[in-house]
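>>> Curious how this folds, go ahead:
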Amino acid sequence: MDKNLIKESYFIKIKRYFLILINLIAISIGLEFLKIMIIFICEMIYSLVFRRSIDSEFEQNYIFNLQFIAEIFIVIALYCLFKNWREDFFEKIKLKKLHKNEVLNIIGASLGLKIIIGTISTCIFYAFFAHMGTEAIDSIGMEVKSSWITIIGVVLIGPIYEEIIFRGIYLNFLEKKIGLVSAIITQAILFGAAHGNMRQFIDTTLLGIVLGAFVVYTKSIWSSIIIHIVYNAIATVIMCNEGILWVENSIVFVLYISAAILIFKSIHSLKKLKNIKKSLKE
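As a prediction, this is how the structure comes out:
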C-alpha cells in the first residue's frame, strides 16, 4: 500500500477520534451546565421559601448537597428520555444482573483496588504534581465530616450518576466508534478530568480504566457501580475517622490483605490461562 495513503488514513482516524472527543466534552459541559441550572433553581426556591439570601457561607455549606440533588434530577431525566426514545438503551449500557458470588468477588476486588490505585496515584502525584496542593480534597473532607447528606451523596448518588454517564453512555458510544481499548482509556481520561483537580484526576483516571475493564469483562455496569461505591465508602470512612489511629490502621490492614489476595488470584488466573493455551496447542 502507498505510504501517502497510509498517512492519510492515519490522519483521518486521528481527526475522527478528536471530533468524537470534542462531542463528548461538549456533552459533559452541557451536563455540568444543566447541573448548575438545577442548583441555581434549588437555591432560588430555598431563598423564596425561607426568605434567606444565598451568601458565600450557604454556598460553602450546601454546595455538595445541591450538587447531588442536581445529579438525581439528571439521572431521572436521562432515564425518562432514553426510556421513551429507545427501549433497548438500558440493555446497551449493560444493566445485566450479577450473581451473589460475582457481587462478593467484586466487593473483595474493590478493597484490593483501593490500596493499589491509591498507592500508585499518590506516588505519581507527590513525585510530579505536589506543588498543585490538595485543597479540593480537603474541602470534600470537611463537607463529609459535617453532613450525613454529603456522605450519602459521595458514597451512593455520585457513583451511580458517574457510572451511568461514563461507563454507561460514554463507554458504550466510544466502543462502537473507536474500538474497545481506546474507548476504555478515553472515558477514563474524561472521568478524571471531570473531577477538576490534579490529585483526583490521577486517581480517578486509573480507577476509570479499571471500572471500564470490569464493565467489559462482566458485561454489567453494576460491577463498576459496586466498585465505585465501595471505593468512595472507604475514602469517606477514612476522612470521617482521620486522626483515630486504630481505625485508620485497621482499614489499611484490611486493604493490604485484600490487595495481596487480589494479586495472588490474578497471578493464579494468568497461570490457569497459560496452561489452557498450552493444552490447546498440544
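>>> continuing past the helix or strand bottoming out on mean pLDDT in the chain, what's the next helix or strand?
Of all helical and strand segments in the chain, the minimum by mean pLDDT, DSSP states H and E falls on helix 89-92, at a mean of 66. With elements assigned by DSSP states H and E, the helix or strand that comes after helix 89-92 is helix 100-128.
>>> What residues of that following helix count as buried?
105-106, 109-118, 121, 125 (16 or more other C-beta atoms under 10 Å). In short, each C-beta sits where N, CA and C put it, glycine included.
>>> Kindly provide the whole-number mean pLDDT of it.
For helix 100-128, mean pLDDT rounds to 88.
>>> so what does it touch, helix or strand wise?
Helix 100-128 sits against helix 198-218, helix 221-240, helix 245-281, with contacts defined as 3 or more C-beta pairs under 8 Å, 6 or more residues apart in numbering; DSSP states H and E.
>>> Put together JSON lines for the ones you listed, with mean pLDDT on each row.
As requested, the helices and strands packed on helix 100-128 are arranged in JSON lines below (pLDDT from 0 to 100):
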{"stretch": "helix 198-218", "mean pLDDT": "92"}
{"stretch": "helix 221-240", "mean pLDDT": "89"}
{"stretch": "helix 245-281", "mean pLDDT": "72"}
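>>> Please identify which of those is closest to Ile74.
Ile74 lies closest to helix 221-240 among the helices and strands packed on helix 100-128, at 16.0 Å (C-beta to C-beta).
>>> Which positions in that closest one come out as buried?
By neighbour count on 16+ other C-beta under 10 Å, the buried set for helix 221-240 is 221-239.
>>> what's that helix packed up against?
Contacts defined by 3+ C-beta pairs under 8 Å, 6+ apart place helix 221-240 against helix 100-128, helix 135-146, helix 158-162, helix 198-218, helix 245-281.
>>> Would you mind giving those as TSV with distance to Cys80 added?
Formatted as TSV, the helices and strands packed on helix 221-240 follow (distance: least, C-beta to C-beta, whole Å):
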stretch	distance to Cys80
helix 100-128	28
helix 135-146	30
helix 158-162	15
helix 198-218	23
helix 245-281	39
